[in-house]
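*Asks:* Fold the following.
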Amino acid sequence: MESRGIRRVVFALTTVSLTLSAVPLHALDGSVTPIVVPDNVVPHTTRTDAFGINERGQIVGSYGDSASLRHGFLLDGDTWTTAIDVPGATNTDITGINSRGQLVGMYSAGSHFHGFLWDRGTFTFPIDAPGATDTFANGINDQGQVVGFYLDAGGASHGFLLDGGKFATIDVPGSTSTQALGINGRGEIVGRYDDASGEHGFLLTEGEFTPIDVPEALATAATGIDDHGRIVGSFIVSSSPGPGSTRGFVSDGGAVTEFDVPGVDLTLPSGINNQGQIVGTSFFPPRGFLLTLEGQ
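*Replies:* Got it, this is the predicted structure:
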């Protein structure tokens, strides 16, 4: 994909206070549906990761084959489309899907990563931010705006917005790294950043950053946002591995509800649609999940 230059965007930093409401999983509609590529579709997969969901309930992600190489998938109802792979790539991960069925993601070729767009069977690649050593596309909205992050020559990560062929760099003021991970139809962007005090989530809306920190968390990341402004993400509770050491959250109007996939160490939500369907990946073993917010 041809880029038309890169511009750096400076935004104001505001603050927000989030209140944590410890609600058990059944309050988020009870059960979790595993998202695992079945053996009769692809035998002997080693993992399945669910990364994105659109308004039609179509789910995208990647799976590991018997050789632990990753391939993209699209799940539409009960129909799996597998081996959606960028030509010549070693590994392909699909990380976002919009209501038009456009897919974005990342692929590795040699020792570096590049972004890509898939539209009605046609790949556009590579998507590389100018001056980047690696580029990761993470989300796409119905307007075709793409967000993600890239690594510069020094190894630092910077968020980006790709809109109409133009890249804009997104850096939280005072951060040492920024990653843009999700975007909704209103152009609101969520992600994560690091600064001297640790790892935080953020919301970027109308030119202003709002930090997102789950109280008492060691680290917080915001990974998806719907058109109602509901945000999903994950937060670290304990630095020691074990059940519930990393949990998921939903933020709605500033109130945060936490949740876990039962029996796993890590719950990592990555996307949400306007119907309140949430997708992500849990560990261990690594497999995707789908759950629906109560009342949806």
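*Asks:* drop to CA atoms for contacts and neighbour counts, all remaining ones
*Replies:* OK.
*Asks:* Stretch 73-85: how far from the chain's middle?
*Replies:* Taking CA atoms, centre = their mean, to the nearest Å, one finds the center of stretch 73-85 at 18 Å from the center of the full chain.
*Asks:* Now do it: everything it contacts.
*Replies:* 37, 41, 57-63, 71-72, 91-92, 94 (CA atoms under 8 Å, 6 or more residues apart in numbering).
*Asks:* same question, stretch 215-225
*Replies:* Contacts of stretch 215-225 (CA under 8 Å, 6+ apart): 18-20, 181-184, 188-193, 198-203, 212-214, 231-239, 269-273.
*Asks:* Just the buried residues of those residues.
*Replies:* Among the contacts of stretch 215-225, those classed as buried by 16 or more other CA atoms under 10 Å are 18, 20, 181-184, 188-193, 199-203, 212-214, 231-237, 269-273.
*Asks:* From the contacts of stretch 73-85, which land in strands?
*Replies:* Ile59, Val60, Gly61, Ser62, Tyr63, His71, Gly72, Asn91, Thr92, Ile94 (DSSP state E).
*Asks:* Show me what the last one is bridged to.
*Replies:* In this case it means Ile94. Assessed by DSSP bridges, Ile94 has beta-bridge partners Gly105.
*Asks:* Wait, it touches Gln102, no?
*Replies:* No - look at Ile94 against Gln102 with CA atoms under 8 Å: they stay out of range, at 10.5 Å.
*Asks:* which of those two has more neighbours?
*Replies:* More neighbours surround Ile94 than the other of Ile94 and Gln102, with 33 against 19 (other CA atoms under 10 Å).
*Asks:* so what's the residue nearest to Asn91 when sequence neighbours are not counted up against?
*Replies:* Leaving aside its chain neighbours, Asn91 sits nearest to Arg70 (4.7 Å; criterion: CA to CA, 6 or more residues apart in numbering). With contacts defined as CA under 8 Å, 6+ apart, Arg70 is in contact with Ser62, Tyr63, Gly64, Thr90, Asn91, Thr92, Asp93.
*Asks:* Quick check: PyMOL command selecting the buried ones in the residues you listed.
*Replies:* Under the burial definition 16+ other CA under 10 Å, those of the contacts of Arg70 that qualify are selected in PyMOL by:
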select buried, resi 62+63+64+91+92+93
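*Asks:* Any stretches of this protein with poor pLDDT?
*Replies:* Low-confidence segments of the chain (pLDDT under 70): 1-30, 294-296.
*Asks:* rerun that using 50 as the cut-off
*Replies:* Flagging of the chain using pLDDT under 50 yields the residue ranges 1-27, 29.
*Asks:* okay, which residue of it is out on the far edge from center?
*Replies:* Asn40 (27.8 Å; CA atoms, centre = their mean).
*Asks:* Return the distance of it relative to Thr90.
*Replies:* 23 Å (CA to CA, to the nearest Å).
*Asks:* May I have the phi/psi pair for Ser175?
*Replies:* phi -90, psi 160 (degrees, to the nearest 10).
*Asks:* What distance do you get for the residue nearest to Asn91 to Val36?
*Replies:* 14 Å.
*Asks:* Please apply the same query to Gly271.
*Replies:* 17 Å.
*Asks:* coming back round to it: of the ones in strands among the contacts of stretch 73-85, which pair is most distant in space?
*Replies:* The distance between the two most remote of the ones in strands among the contacts of stretch 73-85 (CA to CA) is 18.6 Å, for Ile59 and Asn91.
*Asks:* Report the beta-bridge partners for the nearest residue to Phe149 once chain neighbours are set aside.
*Replies:* Among residues not flanking Phe149 along the chain, Gly159 sits closest, at 4.1 Å (CA to CA, 6+ apart). Note on Gly159: beta-bridge partners Phe149, Ile170, judged by DSSP bridges.
*Asks:* Likewise for Arg70?
*Replies:* Applying DSSP bridges, one finds that Arg70 bridges with Gly64.
*Asks:* quick one: it and Ile127, what's the gap?
*Replies:* For Arg70 relative to Ile127 (CA to CA), the value is 19 Å.
*Asks:* Show me which of the contacts of stretch 73-85 is closest to Gly144.
*Replies:* Ile94 (15.4 Å).
*Asks:* Next up, the contacts around the closest one.
*Replies:* Residues near Ile94 by CA under 8 Å, 6+ apart: Phe51, Gly52, Val60, Gly61, Ser62, Gly72, Phe73, Leu103, Val104, Gly105, Met106.
*Asks:* Could you dump these into TSV with distance to Leu117 added?
*Replies:* Putting the contacts of Ile94 into TSV (distance: CA to CA, whole Å) gives the following:
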residue	distance to Leu117
Phe51	15
Gly52	14
Val60	13
Gly61	14
Ser62	15
Gly72	12
Phe73	14
Leu103	6
Val104	5
Gly105	7
Met106	9
